[in-house]
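Colleague: need a structure here:
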Amino acid sequence: MTRLRLRIDFRPDGAIGPGKIRLLEAIREEGSISAAARALDMSYRRAWLLVDDLNRLFREPVVSAAVGGRHGGGTELTDFGAALIEEYRAIERDIFAAARPRLETLEAALAPEDSRPAAAPGPDESFGKDPALMPGCAAGLKSLSRSVGGAPACAGPGPAGAGAADGPPRKRRGRPPRVRPAEAP
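Modeller: Numbers count the residues shown, from 1 in each chain. All right, here's what the predicted structure looks like:
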């Protein structure tokens, strides 16, 4: 079955798409961010950050904290949060209905399932061993050059022909390195 996914970019730092809408629906069903995160197999931190993004994007919050109670509180959708879900789903239905004839044309052009080639290689394999084509060697940010021996390299800042390892350091995930105070001489 062909699916059509909708992502609405309101500005460079603010968007809604199927993931955020599904999270809001899970919060409505489960009654808390943590339970919604578990239901979607997502970390609590990731879910909280997505909700925070939505609350900052709009004038009105999409969720609010439910304080106390027998079950210790939780999170509930605001009226605006419920309206956001309904508007997004309505836009999605309208777009799918408008695109249906064209999607059917494209579906009719698909090769049968059993005649398709094997799945494409994963992200690290799709570029072979050519470091110039690996992710992180983006056009416009770094230029391609030939390193010694004729193998392509991703040239970053620094001496001509410098390899990808000589470019800017990659961002490190996890905790930042511990900085220790300098010792007095």
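Colleague: Any regions of this protein where pLDDT drops low?
Modeller: 68-72, 116, 119-185 (pLDDT under 70).
Colleague: At which residues are the strands of it located?
Modeller: 8-11, 14-16, 63-66, 74-77, 143-146, 152-155 (DSSP state E).
Colleague: so what does the third one touch, helix or strand wise?
Modeller: Using 3 or more C-beta pairs under 8 Å, 6 or more residues apart in numbering; DSSP states H and E as the contact definition, the elements that strand 63-66 packs against are helix 44-57, strand 74-77. Heads up, the C-betas are built off the backbone N, CA and C, glycines and all.
Colleague: Quick check: buried residues in the shortest one?
Modeller: Put plainly, it is strand 74-77. 74, 75, 77 (16 or more other C-beta atoms under 10 Å).
Colleague: Turn the residues you listed into JSON lines, columns for distance to residue 88.
Modeller: As requested, the buried residues of strand 74-77 are exported to JSON lines (distance: C-beta to C-beta, whole Å):
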{"residue": "74", "distance to residue 88": "23"}
{"residue": "75", "distance to residue 88": "19"}
{"residue": "77", "distance to residue 88": "13"}
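Colleague: Between these, which sits nearest residue 25?
Modeller: residue 77 (8.9 Å; C-beta to C-beta).
Colleague: pretty sure that closest one contacts residue 28?
Modeller: Yes - here residue 77 reaches residue 28: they are 4.9 Å apart, a contact under C-beta atoms under 8 Å.
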